[in-house]
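# Compute the structure for the input listed below.
(chains A and B)
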Amino acid sequence: MPGNALVIGIGGYARGDDAAGLEVVRLLRGTLPPSIDLAESCGDPMQLVTAWSGAHLAVVIDAVSSGAAPGTLHRGLRPRPWPVWQRSSHALGLGDAIALGQALGRLPEELLVFGIEGGDFGLNAAITPPVRAAIRETAEAVRRTVG
Amino acid sequence: MTHKNIRIGGLSRVEGEGALLVRARDGRITDLRLRIYEPPRFFEAFLRGRAYDEPPDITARICGICPVAYQMSACQAIESALGVAVNGPLRDLRLLLYYGEWIESHALHIFLLHAPDFLGYDSGVAMAADHREPVERGLAVKKAGNELVATLGGRAIHPVNVRVGGFYRVPRRQELAPVAEQLRRARDHALATVAWVAGFDFPDIEHDYRFLALRHPEEYAILSGTPAVSDGSSFPVEAWPEHVVEEQVPDSTALHARLDDAGGYLVGALARYALNSHRLSPLAREAARDAGLGEVCRNPFRSIVVRAVEVVHACDEALRIIDDYVEPDVPAVPVEPTAGVGHGASEAPRGTLYHRYHLDGEGLITEADIVPPTSQNQARMEMDLRELIEPRLNLAQAELAALCERAVRNHDPCISCSAHFLDVHLDAR
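The predicted model follows:
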């Protein structure tokens, strides 16, 4: 909703730790004030831009692959040109959405990005234990941020 | 001897990642391979031993862009094995959900992936800054599709509300009213989009395509139908394995499909339009006529116009279903596990998607076969590239490479269906 805060988890369930962002959102369901919207996304830039347009705060959580230890939580990633190491595991993703939002003047007033370092993006892999722990840690961090 | 080397470091704006290699000598292409790194039949293997009611949710994970297509082909294949028919309002709801996915998927391709090719931009983002109005229209169209999928599917990605026999929950009539409002606006935007893309400058290229698409006696076939070929032949979906044979090719983990012993046939928007345009809604037919499409379109660059027409049709038909909607008495018809073999096919946004399941007496899957549209189109995409590039080998390397990328994007290959990461290289010499 325009003016509201929202939390968006990005990911997919076919490739292990790729689902980290979605899992954070699921942990948060029912635990945040009703004024805060929750959304899930596969990283589709058009959906993301529509979802966060007009929000005063959007918190986005996505799995990343930077070479850091699996489960590392990258806090407050800057929504500037998307470095290769922060590349999403999706074909089109958050970097494209941020650029599209900039081009259209459809960015939230504040965009806060959490990246969870994945360890296993294998087909139908299970979420790895360090990422599972990072999901809980991230949910708590997001709760503190928006709650 | 003269050589030409072309290298493309990445095939951008194609869902997933892939590789393209072209070699040319003395003005002739000597080798052309579109490489796709497909996890070899991973999901088919993974499905063995699972229960009959699991494929709709499991296969929906194959593709983030078209999960509903996987759910619909899977459900129909299993229902066929179990001797169950889903008709009436439940079938209408499935069609409605499918239209939502079509709107989403086509909007993404038209506005963010394909249109930049015609307006001289190397990305949808770069184009958006200069063409804000049409991109905003695209966002509105896409949003209507998202809402439809979220309302019927239970959530926007990897919908969870579909099951063998129907749905877990069906919507109340009033729940569909807000979506209908969005769809009405989306339909107007879609009509404007047809006019917008019809005005693009298209390369004057046609291919002698052999088309395959489902055909339905009353509908522009999406949810179900009989496989039909542009040579006039057709066959029941149960005979698919006899007509469509997949084979391994070097340098690709994806399988190439052959139709009746010949490779290089095309599924997708152009095929559907060629075989079924008379079944489009009157409004979509009118839009197609105004766009100058004719009865058959063999220019793959103009597939963007066909997709835009299909969005008009999807909005139009979705609104018709919502207007006529009567809440079903039950969300699903009863199903009992039994031994059998079932075939199912539907028209994913990218083309015909076939599933086959063998079930044992307890309803466990003993064998699964999935033939996605992109692997069917792979051989034909290579033919497109050959026919396009060979007369143009004198072009500058960068220009040629860009043309190759465009030729692949014309068919909206969702390589994510087969592989999540695709790294494309074009090397012609």
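# which stretches of chain B form strands?
With DSSP state E, the ranges of strands along chain B come out as B:3-4, B:19-25, B:28-35, B:162-163, B:166-167, B:212-215, B:226-229, B:244-248, B:255-259, B:340-348, B:351-359, B:365-371.
# Distance to chain A for those - can I get that in TSV?
From N, CA and C alone the C-beta is placed, and that goes for glycine too. Formatted as TSV, the strands of chain B follow (distance: least, CB to the nearest CB, whole Å):
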stretch	distance to chain A
strand B:3-4	29
strand B:19-25	14
strand B:28-35	16
strand B:162-163	15
strand B:166-167	20
strand B:212-215	26
strand B:226-229	27
strand B:244-248	19
strand B:255-259	16
strand B:340-348	16
strand B:351-359	16
strand B:365-371	14
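# center of the chain - which residue?
Just so you know, I chose chain A. A:Ile61 (1.8 Å; CA atoms, centre = their mean).
# I was after chain B.
Note: chain B centre (CA atoms, centre = their mean) maps to B:Arg350, 1.5 Å.
# ok now do the nearest residue to B:Gln182 once chain neighbours are set aside, which residues does it touch?
The shortest distance from B:Gln182 to any residue other than its chain neighbours is 4.1 Å, reached at B:Ala144 (CB to CB, 6 or more residues apart in numbering or on different chains). Going by CB atoms under 8 Å, 6 or more residues apart in numbering or on different chains, B:Ala144 touches B:Gly100, B:Ile103, B:Val179, B:Gln182, B:Leu183, B:Arg185, B:Ala186, B:Cys315.
# Tell me how far the fourth one lies from B:Glu246.
I take that to be B:Gln182. Distance from B:Gln182 to B:Glu246, counting by CB to CB, to the nearest Å: 39 Å.
# Surely B:Gly342 and B:Glu79 touch.
Yes - judged on CB atoms under 8 Å, B:Gly342 makes contact with B:Glu79 at a distance of 6.9 Å.
# Looking at these two, which is more packed in?
Legend: neighbour count by other CB atoms under 10 Å in any protein chain shown for B:Gly342 and B:Glu79, higher for B:Gly342 (23 against 20).
# Spatially nearest residue to the more buried one, not counting backbone neighbours?
B:Ala81 (2.8 Å).
# if I look at that neighbour, how far off is B:Pro236?
15 Å.
# Give me the more crowded residue out of these two.
Applying other CB under 10 Å to B:Ala81 and B:Pro236 shows that B:Ala81 carries more neighbours, namely 24 against 10.
# Could I get the contacting residues of the closest residue to A:Ile36 other than its chain neighbours?
Nearest in space to A:Ile36, with sequence neighbours left out and distances taken as CB to CB, 6+ apart, is A:Ala5 at 4.9 Å. Neighbouring residues of A:Ala5 by CB under 8 Å, 6+ apart: A:Ser35, A:Ile36, A:Asp37, A:Ala55, A:His56, A:Leu57, A:Ala58, A:Val59, A:Val146.
# what helix or strand is A:Ala39 on?
Element membership of A:Ala39, judged by DSSP states H and E, is strand A:36-41.
# chain center to that strand: distance?
In this view, strand A:36-41 has its centroid 10 Å away from the chain centroid, taken as CA atoms, centre = their mean, to the nearest Å.
# Which positions in the stretch 101-250 of chain B make contact with chain A?
Contact residues (CB under 8 Å from any CB of the partner chain) of the stretch 101-250 of chain B with chain A: B:104, B:107-108, B:111-112, B:123-126, B:128-129, B:132, B:135-136, B:138-139, B:142-143, B:146, B:155-158.
# Go ahead and build a ChimeraX selection from the buried members of those.
Burial among those is assessed by 16 or more other CB atoms under 10 Å in any protein chain shown; the matching ChimeraX selection reads:
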select /B:104,107,108,111,112,123,124,125,126,128,135,138,139,142,143,146,156,157,158
